[in-house]
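K.L.:
show me how the following folds:
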Amino acid sequence: MHNAKKRFIRTGLIAALSVYAGLAVAAKTLVFCSEGSPEGFNPQFFETGTTMDASSVPIYNRLVQFDLGTTNIVPALAESWQVSADGLSYTFHLRKGVKFHSNAKFKPTRDFDADDVLFTYERMADPKHPFHNTAPGQTFAYFEDMGLAKIVDKLERIDNYTVRFKLTHPEAPFLADMAMDFASILSAEYADRMKAAGTPEIIDREPIGTGPFQFVSYQQDAVIRYKAFDQYWGGRPKIDNLIYAITPDASVRYAKLKAGECQVMAFPKPADIALMQRDPQLKLLTQEGLNIGYIAFNVEKKPFDNKLVRQALSLAVDRQAILKSVYQGAGIAAKNPIPPTMWSYNDKVQPYPYDVAKAKALLKQAGYPNGFETELWYLPVTRPYNPDGKRMAELIQADWAKIGVKTRLTTFEWGEYRKRSKAGEQQTMMFGWSGDNGDPDNFFGPLLSCEAVKGGGNVSRWCDKDFENLIQKAKTTPKQADRAKFYEKAQEIVHEQAPQLEIAHSIRYTPVRKEVIGFKMDPTAHHYFNRVDLAK
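P.N.:
Prediction:
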């Protein structure tokens, strides 16, 4: 009796210590050295890869998803779907038996069903919805940038496990859009429970989803902890604990990786690639990037409302010097807003050459013979499309000085950077994009459309009627070859109007330690761990 009691106490103490540490004694724990802090944990509000990596990827699911490593659409929370012959109706048949996560404030009493789809969509679409304004000043970025309120006429609940989207017009990218992060499904029951408790905003801070990992805790700018969801409909992950060690400095991420403090790291410095290739403890994965890095000119502010000024600044930048110094062989010069690997890429567009004399002449023609002063915001974090924002900014600053443009370099913490840019505070700013679904609309719509000015993705705040007409026609045209013609013309307009200075398309690298099994790079630049294992 006495020994049994001692064993009971000892077992309880070990369990308590394990819980306190946040790690099970014999658990498999993978640490990911991520590049920055998420803006939040509700993917409806945001657009950046850093935030989606921390929210939509581990925590949530969508009706459909992309098969890992591709942009091929496969079933997820919807087991199957039908599209009407006229392209105006999408009927989704929902998966049964899907469980939601739980936390200290919420224990679900039912499985995922049609009510959760309706809640998720209507919250974004209906300004009068009780959860539409729970985060003051926050926009439903993607939803607004893509103009989905004008695309979807209504969402119908057919029964508990069937929903139907009725569209106002045929929309070629619609199914691919439904696989994107912003379309992650939230729990209607969790929302109702928190609303009844008088804390509706909790659902965005302490997320509940159906994904492979449950959110455990977030220590701001330091660590995010997740644990495997035992009841995940897609099969429990092989690792037990997932930790994001937020490490903005790429050199520090690499040092942690070499020391075994993390097993996977995001976005290495190009200068470190050769060393990583020779390290027997590492595997270096590579993939051509579905991305674009650029400088946006805020056309709502002088002198950037003048096309000649924008063209002059584009001519004044030595892209080859940037490719050599910043990308170090891991990128190619950009001339269009979409990468050359994407269908509809217009190779006939001629890039802006590096021409200081012509740039000066255009500035003089625009009324600025002696140049002007401006501010350039540079990226505070490494991005897949830009490995070193500060170095790039310094090179551009020196180039613009040659034509009389004095440039102050400024940056902010990543969340603040995005918040301020959505409000239009910037004059010129560094930005970029990694494609979400393999469709050209995913670049043109969120980055350059008129709707995207409202949502905050169009940081140049440029709205051109001719460009807008072309991309809207492309979306409603069923045949890809016909759509491509509209997008090719749209690229010519962007080039001539120069709302953004296209810099480069990067080649992406992901170093992982040799004990990592099954990690796969994804075209969207997200990091998926639900199929990853660790060798013993």
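K.L.:
what helices or strands is the top strand by length along the chain leaning on?
P.N.:
For the chain, the strand that runs over the most residues, judged by DSSP state E, is strand 500-513. If you count contacts as 3 or more CB pairs under 8 Å, 6 or more residues apart in numbering; DSSP states H and E, strand 500-513 packs onto helix 250-259, strand 264-265, helix 273-278, strand 282-288, strand 291-297, helix 307-315, helix 319-322, strand 331-333. Every C-beta, even on glycine, is put in place using the N, C-alpha and C of the backbone.
K.L.:
which residues touch the fifth one?
P.N.:
What that stands for is strand 291-297. Applying CB atoms under 8 Å, 6 or more residues apart in numbering, the contact partners of strand 291-297 are 304, 309-310, 313, 317, 331, 334, 337-339, 376, 383-386, 396, 426-435, 443, 459-460, 498-506, 508, 525.
K.L.:
neighbours around residue 445, how many?
P.N.:
26 (other CB atoms under 10 Å).
K.L.:
scratch that, residue 399
P.N.:
Residue 399: 22 neighbours (other CB under 10 Å).
K.L.:
check residue 221 too.
P.N.:
12.
K.L.:
cool, and the one 5 residues further on?
P.N.:
Under the neighbour criterion other CB under 10 Å, residue 226 is assigned a count of 25.
K.L.:
could you do residue 205 as well?
P.N.:
13.
K.L.:
equivalent analysis for residue 404, please.
P.N.:
For residue 404, using other CB under 10 Å, the count is 17.
K.L.:
where's it, which helix or strand?
P.N.:
Under DSSP states H and E, no helix or strand contains residue 404.
K.L.:
so what's it up against?
P.N.:
Per CB under 8 Å, 6+ apart, neighbours of residue 404: 360, 363, 368, 369, 370, 371, 372.
K.L.:
ok, and the most crowded of these?
P.N.:
residue 363 (26 neighbours).
K.L.:
follow-up on the earlier one: mean pLDDT for the helices and strands packed on strand 500-513 - can I get that in CSV?
P.N.:
Formatted as CSV, these follow (pLDDT from 0 to 100):
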stretch, mean pLDDT
helix 250-259, 98
strand 264-265, 98
helix 273-278, 96
strand 282-288, 94
strand 291-297, 97
helix 307-315, 98
helix 319-322, 97
strand 331-333, 94
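K.L.:
select, out of these, the one closest to residue 187.
P.N.:
strand 264-265 (29.0 Å; CB to CB).
K.L.:
which of the helices and strands in the chain ranks last by mean pLDDT?
P.N.:
Lowest by mean pLDDT, DSSP states H and E among the helices and strands of the chain is helix 2-21, with a mean of 39.
K.L.:
helices or strands next to the next helix or strand after that one in the packing?
P.N.:
Going down the chain from helix 2-21, the next helix or strand is strand 29-34, by DSSP H and E. With contacts taken as 3+ CB pairs under 8 Å, 6+ apart, strand 29-34 sits against helix 49-54, strand 241-246, helix 250-259, strand 264-265.
K.L.:
list the contacts of stretch 313-321.
P.N.:
The contact list for stretch 313-321 (CB under 8 Å, 6+ apart) reads 295, 297, 333-334, 351-356, 358-359, 362, 395-396, 399-400, 402-403, 405, 428, 498, 501, 503-504.
K.L.:
and the residues you listed, which are buried?
P.N.:
Restricting those to buried positions leaves 295, 297, 334, 352, 354, 358-359, 362, 395-396, 399-400, 403, 405, 428, 498, 501, 503-504, with burial counted as 16 or more other CB atoms under 10 Å.
K.L.:
poorly predicted segments of this protein, please.
P.N.:
Residues of the chain that meet the criterion pLDDT under 70 lie in 1-26.
K.L.:
try it again with 50
P.N.:
1-25 (pLDDT under 50).
K.L.:
tilt between the longest strand of the chain and strand 29-34?
P.N.:
Between strand 500-513 and strand 29-34, the angle comes out at 160 degrees (axes from the mean of the first three to the mean of the last three CA atoms, to 10 degrees).
K.L.:
sheet-wise, list the partners of the helix or strand that comes right after strand 500-513 with their directions.
P.N.:
For strand 500-513, the succeeding helix or strand toward the C-terminus, using DSSP H and E, is strand 516-517. Next to strand 516-517 in the sheet, as set by DSSP bridges, lie strand 533-534 (antiparallel).
K.L.:
any idea which element residue 214 lies in?
P.N.:
Per DSSP H and E, the secondary structure element for residue 214 is strand 213-219.
K.L.:
which neighbouring elements make contact with that strand?
P.N.:
helix 56-59, strand 223-228.
K.L.:
buried sites along the last one?
P.N.:
In this case it means strand 223-228. Quick answer for strand 223-228 (16+ other CB under 10 Å): 224, 225, 226, 227, 228.
K.L.:
who's in contact with the last one?
P.N.:
Neighbouring residues of residue 228 by CB under 8 Å, 6+ apart: 212, 213, 214, 236, 237, 239, 240, 241, 242.
K.L.:
quick check: closest non-adjacent residue to it.
P.N.:
The shortest distance from residue 228 to any non-neighbouring residue, by CB to CB, 6 or more residues apart in numbering, is to residue 237 (4.4 Å).
K.L.:
try residue 526
P.N.:
Counting by CB to CB, 6+ apart, the residue nearest residue 526 is residue 57, at 5.1 Å.
K.L.:
the strands in the stretch 351-500 of the chain, which residues?
P.N.:
Assigned by DSSP state E, counting those that start in this stretch, the stretch 351-500 of the chain shows strands spanning 373-377, 406-410, 428-434, 500-513.
K.L.:
and these as a markdown table, adding distance to residue 467?
P.N.:
Shown next, in a markdown table, are the strands of the stretch 351-500 of the chain (distance: least, CB to CB, whole Å):
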| stretch | distance to residue 467 |
| --- | --- |
| strand 373-377 | 24 |
| strand 406-410 | 28 |
| strand 428-434 | 17 |
| strand 500-513 | 12 |
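K.L.:
just say which of these is most tucked in.
P.N.:
strand 428-434 (a mean of 26; mean count of other CB atoms under 10 Å).
K.L.:
residues contacting residue 48?
P.N.:
Residue 48 sits next to 39, 414, 418 when contact means CB under 8 Å, 6+ apart.
K.L.:
do residue 525 as well
P.N.:
So residue 525 contacts 49, 289, 290, 291, 384, 434, 508 (CB under 8 Å, 6+ apart).
K.L.:
and residue 447, which of the strands of the stretch 351-500 of the chain is closest to it?
P.N.:
For these, proximity to residue 447 was assessed by CB to CB; strand 428-434 is nearest, at 5.8 Å.
K.L.:
ok now the closest one, how far from the chain's centre?
P.N.:
12 Å (CA atoms, centre = their mean, to the nearest Å).
K.L.:
what is the burial count for the residue nearest to residue 393 when sequence neighbours are not counted?
P.N.:
In this structure, residue 393 finds its nearest non-sequential neighbour in residue 378, 3.6 Å apart by CB to CB, 6+ apart. By other CB under 10 Å, 23 other residues sit near residue 378.
K.L.:
would you agree residue 378 is in contact with residue 388?
P.N.:
No - using CB atoms under 8 Å, residue 378 makes no contact with residue 388, being 9.3 Å away.
K.L.:
where do the helices sit along the stretch 351-500 of the chain?
P.N.:
356-365, 389-401, 414-422, 441-448, 451-455, 465-475, 480-497 (DSSP state H, counting those that start in this stretch).
K.L.:
any chance of those helices in JSON lines, plus distance to residue 152?
P.N.:
Below are the helices of the stretch 351-500 of the chain laid out as JSON lines (distance: least, CB to CB, whole Å):
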{"stretch": "helix 356-365", "distance to residue 152": "43"}
{"stretch": "helix 389-401", "distance to residue 152": "36"}
{"stretch": "helix 414-422", "distance to residue 152": "23"}
{"stretch": "helix 441-448", "distance to residue 152": "15"}
{"stretch": "helix 451-455", "distance to residue 152": "14"}
{"stretch": "helix 465-475", "distance to residue 152": "13"}
{"stretch": "helix 480-497", "distance to residue 152": "20"}
